[in-house]
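> this one's structure only:
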Ligand code: SAH
Ligand code: SF4
């Protein structure tokens, strides 16, 4: 059992079943979410017999296999579970504070052409506790606490619906991480039934769709989930999301040199985006071994963004963070499966070393 994945009600049920008063649940959750301590043995305001019983019942906690700190302040951790499954999480530094990029699965069945998370297929779904654990592990690195979460690490969040929903509830609950839902982004490759279901949960999170192509022929190749739920169905689900939640969906568009970065691609994307997407985030491809196409030139990125803006589509060109530490989705996990990449540093888990700006 993993204490980190339990709601307030479930935690209360657990402590009451152990013959303890209900308020112990609040104490345990304060240890986990306020102090970042999930080990019952260290919860010093609990009676020792309860600590011992909880320690026997609940043994979560991943080991930090690798930790990499980028020159731009990005921190990336590779975590390993007791069952040997590894996954990664990233802390990004923006002007307003820290964002945690959380994995929802170890591996991914999505098979997108340029993504290393999908290379070995899906290993397993992560539990809500393992998603909470990523935020706690990144917070433990020191500095300001994490104030935003993006489910943009490894895996397809909407293919692990139940555990992702549980995580979202814990992330937004005042007993949990206490984040505003508006500060949480769920990124999906386009799992239409998941989008429709999530729209009805009453959780006003930001939804981001990884579009990458504005026609089915190209999208079928780049993002194979498109063969199951083609663009017309995806766009209809996005419009319904906006109608139900009052918030438009954003789109991610990875620019790939000579593949989807030409003026005709921008024109098609602008037509498709109007009335459906509130915002488009453009990001240059982070090159990965085995994917034969290059990142776009700087000029192509600027021209693409300009063309979209002129057509009235709000655009942000995202800075690629953590390039020097295998920043792209799944890269660290993939290189660890093949043994450390040339030049990779295997730093010990030293919390002080990870404090940005010293
Ligand atoms: N499975 C979900 C969320 C995780 S992927 C999804 O696909 O949306 C998060 C984002 O990283 C996606 O937009 C994905 O397309 C992007 N990504 C994956 N590999 C990349 C690469 N090599 N360069 C740039 N972005 C990449
Ligand atoms: Fe999976 Fe997203 Fe990577 Fe596609 S881009 S393989 S859906 S993690």
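Done, it's in. On a predicted model such as this, the values are computed, not experimentally measured, just so you know. Ligands and ions are numbered 1, 2, ... in the order given.
> Residue 93 and ligand 1, how far apart?
Going from residue 93 to ligand 1 by C-beta to the nearest ligand atom, to the nearest Å gives 18 Å. The C-beta positions use only the backbone N, C-alpha and C, and glycine is treated the same way.
> Let me know the helix or strand that that residue is in.
If you go by DSSP states H and E, residue 93 is part of strand 86-94.
> which parts of that strand are buried?
For strand 86-94, a neighbour-count test (16 or more other C-beta atoms under 10 Å) marks 86, 87, 88, 89, 90, 91, 92, 93 as buried.
> what's the spacing between whatever residue of the stretch 1-150 of the chain ends up closest to ligand 1 and residue 157?
Residue nearest to ligand 1 within the stretch 1-150 of the chain: residue 115 (3.7 Å; C-beta to the nearest ligand atom). Using C-beta to C-beta, to the nearest Å, residue 115 is found at 14 Å from residue 157.
> Also residue 310?
Counting by C-beta to C-beta, the separation of residue 310 from residue 157 is 33 Å.
> same check, this time on residue 234
Distance from residue 234 to residue 157, by C-beta to C-beta: 15 Å.
> Tell me which of these two has more neighbours.
residue 157 (28 against 25; other C-beta atoms under 10 Å).
> Pretty sure the more buried one sits against residue 103.
No - contact criterion C-beta atoms under 8 Å: residue 157 and residue 103 do not qualify, at 9.3 Å.
> check contacts around residue 157.
With contact set as C-beta atoms under 8 Å, 6 or more residues apart in numbering, residue 157 has these partners: 104, 151, 164, 186, 187, 188, 194.
> if we can go back for a sec, using TSV, lay out the buried residues of strand 86-94 together with pLDDT.
Output for these, formatted as TSV (pLDDT from 0 to 100):
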residue	pLDDT
86	94
87	95
88	95
89	96
90	95
91	95
92	91
93	87
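> Distance check, residue 203 against residue 186.
Taking C-beta to C-beta, one finds residue 203 at 9 Å from residue 186.
> What about residue 310, how many residues nearby?
Residue 310 - counted by other C-beta under 10 Å - has 10 other residues nearby.
> now swap in residue 239 and tell me
By other C-beta under 10 Å, neighbour count at residue 239 equals 15.
> and it, what element?
helix 231-245.
> quick check: angle from the helix or strand that that helix is followed by to helix 231-245?
Downstream of helix 231-245, the next assigned helix or strand under DSSP H and E is strand 249-255. If you take axes from the mean of the first three to the mean of the last three C-alpha atoms, to 10 degrees, strand 249-255 sits at 140 degrees to helix 231-245.
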